[in-house]
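Asker: just coords:
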């Protein structure tokens, strides 16, 4: 890691490489059954609506071998695998929204920047969308591919590519923009490199071909986000916040349950600077929910 960022060790954008820093030659996995029709164990988040529920078999890092801790980066020492095994879901509100916008849109494309072991990628695959999973860590992509292969999502389809496409890619200022293409949903969770991912997608953004985007706002990099979100508002995107956790859980059955944020850049900046870690939902004004 560059010494200039010793004060912010989470800033992966300046690491020499996105790879296990604990010297593991092997990362053990386990397999779990995902059934979103079963009530998950986040009691302060809404259940997945029955008509959106999907199921699949998923490879995760073995939670019994890799505790979640504050040690050096290792893809297996991560809350995702533990949470999926122990609660049956990852990020319930974001999951519902992803299913909502993917439902009824087979043959379209979802792009998952920072795919990790593939939760949001598989929501798209299970909904029939072509998913492009992007991650810099080859170990993450290996676990993700194992799930896809087990569920048949790597098999060619008649006159169409397999449901899953993986790209090992370090998203950075040097990353070149992709050619414009229709994208139903893009998820961006890159620990501070989200602005580079938006630049990669900018030809699609500028052409109005990116319909929905979910962008994680991380407090450690909060200063990076207001201008990024404002740039998307300026080309036609509406910005929404997902419901807060609450007991009993707030409903999330459709777009009417989202909170529309002020499109004024100053108002957006105040909201972003005041929030904790959160995912913002952006919808192009021409897109459907």
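Answerer: All right, it came through fine. From a predicted model like this one, the values you see are computed outputs, not experimental measurements.
Asker: now residue 251, nearest residue through space, not along the chain?
Answerer: residue 257 (5.2 Å; CB to CB, 6 or more residues apart in numbering). Where you see a C-beta, it was placed from the backbone N, CA and C, and this is true even at glycine.
Asker: which element follows the strand or helix carrying residue 146 toward the C-terminus?
Answerer: Taking DSSP states H and E as the criterion, residue 146 maps to helix 138-150. Note on helix 138-150: by DSSP H and E, the next helix or strand toward the C-terminus is strand 164-168.
Asker: so the helix holding residue 146 versus strand 164-168, what angle?
Answerer: 170 degrees (axes from the mean of the first three to the mean of the last three CA atoms, to 10 degrees).
Asker: Quick check: the residue most central in space within the chain vs residue 193, distance?
Answerer: By CA atoms, centre = their mean, the chain has its centre lying nearest to residue 187, at 4.1 Å. Distance from residue 187 to residue 193, counting by CB to CB, to the nearest Å: 13 Å.
Asker: would you say residue 216 is within a strand?
Answerer: Yes. Membership of residue 216 in a strand is supported by DSSP: H, G, I helix; E, B strand; the rest coil.
Asker: returning to that earlier point: quick one: buried residues of the helix holding residue 146?
Answerer: Judged by neighbour count using 16 or more other CB atoms under 10 Å, the buried positions of helix 138-150 are 139, 140, 141, 142, 143, 144, 145, 146, 147, 148.
Asker: Would you format those as CSV with distance to residue 167 and pLDDT included?
Answerer: Formatted as CSV, the buried residues of helix 138-150 follow (distance: CB to CB, whole Å; pLDDT from 0 to 100):
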residue, distance to residue 167, pLDDT
139, 15, 98
140, 12, 98
141, 9, 98
142, 14, 98
143, 16, 98
144, 11, 98
145, 12, 98
146, 17, 98
147, 17, 98
148, 13, 98
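Asker: Need the residues that contact the helix holding residue 146.
Answerer: With CB atoms under 8 Å, 6 or more residues apart in numbering as the test, helix 138-150 has contacts from 19-20, 27, 29, 31, 56-61, 75-76, 115-118, 121-122, 125, 133, 135, 153-154, 163-164, 166, 168.
Asker: Pull the residues that contact the worst-scoring helix or strand of the chain on mean pLDDT.
Answerer: Taking mean pLDDT, DSSP states H and E as the measure, the chain has helix 265-274 as its least confident helix or strand, at a mean of 87. If you take CB under 8 Å, 6+ apart as the criterion, helix 265-274 is touched by 217, 222, 225, 226, 229, 230, 233, 239, 241, 261, 262.
Asker: ok, then the element right after the helix or strand harbouring the residue nearest to the centre of the chain?
Answerer: Assigned by DSSP H and E, residue 187 belongs to strand 183-188. Counting by DSSP H and E, the next helix or strand C-terminal to strand 183-188 is helix 194-206.
Asker: now that next one: mean pLDDT?
Answerer: Averaging pLDDT along helix 194-206 gives 97.
Asker: Name the residues of that helix that are buried.
Answerer: Buried residues in helix 194-206, counted by 16+ other CB under 10 Å: 194, 195, 196, 197, 198, 199, 200, 201, 202, 204, 205.
Asker: Which residue ranges of this structure form helices?
Answerer: Secondary structure of the chain by DSSP state H: the helices cover 79-87, 92-102, 119-126, 138-150, 194-206, 225-233, 265-274.
Asker: Spatially nearest residue to residue 245 (excluding sequence neighbours)?
Answerer: Per CB to CB, 6+ apart, closest to residue 245 is residue 44, 4.0 Å.
Asker: try residue 106
Answerer: In space, and not counting its chain neighbours, residue 106 is closest to residue 128: 3.2 Å by CB to CB, 6+ apart.
Asker: just wondering, since we're on the one you found, how far is it from residue 13?
Answerer: 34 Å.
Asker: quick one, which of those two is more surrounded?
Answerer: residue 13 (20 against 14; other CB atoms under 10 Å).
Asker: Enumerate every residue touching that one.
Answerer: So residue 13 contacts 172, 190, 191, 192, 193, 196 (CB under 8 Å, 6+ apart).
Asker: By neighbour count, sort out the buried ones in those.
Answerer: Buried among the contacts of residue 13 (16+ other CB under 10 Å): 190, 191, 192, 193, 196.
Asker: surely the third one meets residue 14?
Answerer: So that's residue 192. No. Contact between residue 192 and residue 14 fails when scored by CB atoms under 8 Å: they sit 9.0 Å apart.
Asker: pLDDT wise, what is the residue nearest to the centre of the chain at?
Answerer: Per-residue confidence (pLDDT) for residue 187: 98.
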